[in-house]
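**Q** Return a 3D structure for these sequence lines:
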Amino acid sequence: MEQTFCQSCGMPMSAEFNSTNKDGSVNTTYCSYCYKDGAFTADVTMDEMILKCAEYVDEFNKDSDIKYTKEEAIAGMKQHFPTLLRWKS
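**A** Next up is the predicted model:
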């Protein structure tokens with residue numbers, strides 16, 4: 001099965017992180033940290049989202065074989081985030 005990712009923050013998705021639409025139905029496009037009750041939880045720019053996600057690099061590194069510095073993670077997100085649904089132009 002192919003891994004899916006939040007189309008706002010890039011976090012790997014699983015059922016526990018599914019968000020909700022305005023009508024209460026499950027939304028599998030965005031995680032519950034980014035989207036709730038049919039709206040984004042924060043009105044941020046892509047760059048602001050990248051900086052927010054960069055705060056969690058140490059936590060990500062705990063469960064990863066590849067360890068990233070904060071700067072490496074930011075550089076990678078700056079390449080990847082423009083491909084996510086929320087940030088596509």
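
**Q** And this structure, what are its domain boundaries?
**A** 1-41, 44-83 (automatic domain parsing).

**Q** Go through these and pick out the most buried.
**A** Comparing the domains of the chain by mean neighbour count (mean count of other C-beta atoms under 10 Å), domain 1-41 comes out on top with a mean of 15. Every residue, glycine included, has its C-beta placed from N, CA and C.

**Q** quick one: average pLDDT of it?
**A** Per-residue pLDDT values over domain 1-41 give a mean of 95.

**Q** next one: stretch 72-87
**A** In this model, stretch 72-87 has a mean pLDDT of 97.

**Q** And for it, what's in contact with it?
**A** For stretch 72-87, contacts defined as C-beta atoms under 8 Å, 6 or more residues apart in numbering pick out 5-8, 10, 29-30, 34, 40, 46, 49-51, 53-54, 57, 60, 68, 88-89.

**Q** repeat that with 7 Å
**A** Residues from elsewhere that reach stretch 72-87 (C-beta atoms under 7 Å, 6 or more residues apart in numbering): 7, 8, 10, 29, 46, 50, 53, 54, 57, 88.
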